[in-house]
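1. predicted coordinates and the sequence they were generated for:
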There are 2 protein chains.
Amino acid sequence: MSQPPFVDPESLPPRSSCGYPEPYRSRVMPREKRALGDAFGLTKIGVNLTTLPPGKESSMRHWHTHEDELIYVLEGEVVLRTDAGEHVLRAGMCAGFPAGVQDGHQLINRSDRPARYLEISNRDPADEASYSDPDVDMQYRITPDGGRFTRRDGTPH
Amino acid sequence: MSQPPFVDPESLPPRSSCGYPEPYRSRVMPREKRALGDAFGLTKIGVNLTTLPPGKESSMRHWHTHEDELIYVLEGEVVLRTDAGEHVLRAGMCAGFPAGVQDGHQLINRSDRPARYLEISNRDPADEASYSDPDVDMQYRITPDGGRFTRRDGTPH
C-alpha cells in the first residue's frame, strides 16, 4: 500500500463542491470537506471533516435509505433540525441517523464563526436520499447510469 | 424511533471490558469506550469514543479482514505502531486502516495523561482479526457459534 499510515487533516486539500441544483446549492456553499477516509483508501466507510461557514446549511434536510450517518462536532456550534425540533450541538456532542428512518436531518450554522464536524457513514452504492422540507423539491435516486438529483416527480431541475 | 436525535457522550455509560485473554487484557485495561453509534441504534457503522490511560495499549497490533477502521484523536497523544514504524498522533490527527491490508496497527499511550480518540468502522459479521507481533499468540476467528479469540493454532488459551 502506498497510503500513509496517518495524516494531519489540515494538510488535505479541501473539497468545496455540492451536487445540488440551485437554489439549494447556495444555501450550502462554500461548505468545505476534507475526505479523511479517502486519504487512506477506505471504501467501506466515509469520514469527512467538514467546515460550515456562518449562515450556511450542511445539506437540505434529508434521510438516507442505506447509509447510517453520525455527526461529531469538533469546533463551534450548529443547530440540528429533525422531527424532534431544533437543538444546539456544541463541540463534543454528536448526533446519529440510522439508515431508513424517515426523519430528515440537517445542520445550520446560526453562529458568527465557522463550525467544524466529522461526518461519518458506511458506503452503499444503493443509497438514495429523500428531502423532508416541503419547499425543497429534490430527491436523489439511483439510475442505470448512476445517481442523480431530480425534482420529486423525477424530472430534471 | 425512540432513539434521541443527539447525545452528549459524557452522559453515556463507559464500557470497560476487553475480550482478550491474559496477558493481553492487562496491557489494554482499564481502557474505556463509549458507544456513540449504539446510542442512536446504528448497525452499519460503529463509532466509539475511547479513553486510553497512560501506559496502556488500544489493542494488540492487528488488522481486520472485512472492516475499514479510522482513528481521530480528540485529546492528548498516542503513538501509532504500523509497518511504517512509530509515529506520534496528536489531537486533530487521524489514521486509517483499510480492510484486508495486512499491516497491523495499535495505539500506545506513552504520555502522562489520558488520551481520547474516536474509533470508526463499518460493521461486518464476517470480520476476523489477525495479530502481528510475534509475542502475541492470538487470533479472532468466526466460528459456527460466533466469534472467538484463540491461539494462532486455533486452540484455546
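-> That came in fine, so what should we check first?
2. low-confidence stretches in chain A?
-> Within chain A, the segments meeting pLDDT under 70 span A:1-3.
3. and the helices in it, which stretches?
-> A:25-28, A:36-39 (DSSP state H).
4. nearest to chain B, of those?
-> Proximity to chain B (C-beta to the nearest C-beta) singles out helix A:36-39 among those, at 5.3 Å. Using the backbone N, CA and C atoms, a C-beta is placed for each residue, glycine as well.
5. how far off centre is the closest one?
-> Relative to its chain's centre, helix A:36-39 lies at 15 Å (C-alpha atoms, centre = their mean, to the nearest Å).
6. same thing with stretch A:16-32?
-> 11 Å.
7. what distance separates the start and the end of that stretch?
-> From the first residue to the last, stretch A:16-32 extends over 5 Å; the measure is C-alpha to C-alpha, to the nearest Å.
8. so A:Gly154 makes contact with A:Thr143?
-> No - the pair A:Gly154 / A:Thr143 is not scored as a contact, 9.6 Å apart, by C-beta atoms under 8 Å.
9. show me the contacts for A:Val79.
-> For A:Val79, the contacting residues are A:86-89, A:107-110, by C-beta atoms under 8 Å, 6 or more residues apart in numbering or on different chains.
10. need these in TSV (columns: neighbour count).
-> Shown next, in TSV, are the contacts of A:Val79 (neighbours: other C-beta atoms under 10 Å in any protein chain shown):
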residue	neighbour count
A:Glu86	10
A:His87	15
A:Val88	13
A:Leu89	23
A:Leu107	24
A:Ile108	18
A:Asn109	22
A:Arg110	14
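11. B:Gly96: which of the residues you listed is nearest?
-> Minimum distance to B:Gly96 across those is 24.0 Å, recorded for A:Leu107 (C-beta to C-beta).
12. for that closest one, give me its contacts.
-> The neighbours of A:Leu107, taking C-beta under 8 Å, 6+ apart as the test, are A:52, A:57-59, A:71, A:78-81, A:89, A:115, A:117.
13. of these, just the buried ones, ChimeraX syntax please.
-> Buried members of the contacts of A:Leu107, defined by 16 or more other C-beta atoms under 10 Å in any protein chain shown, are picked up in ChimeraX with:
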select /A:52,57,58,59,71,78,79,80,81,89,115,117
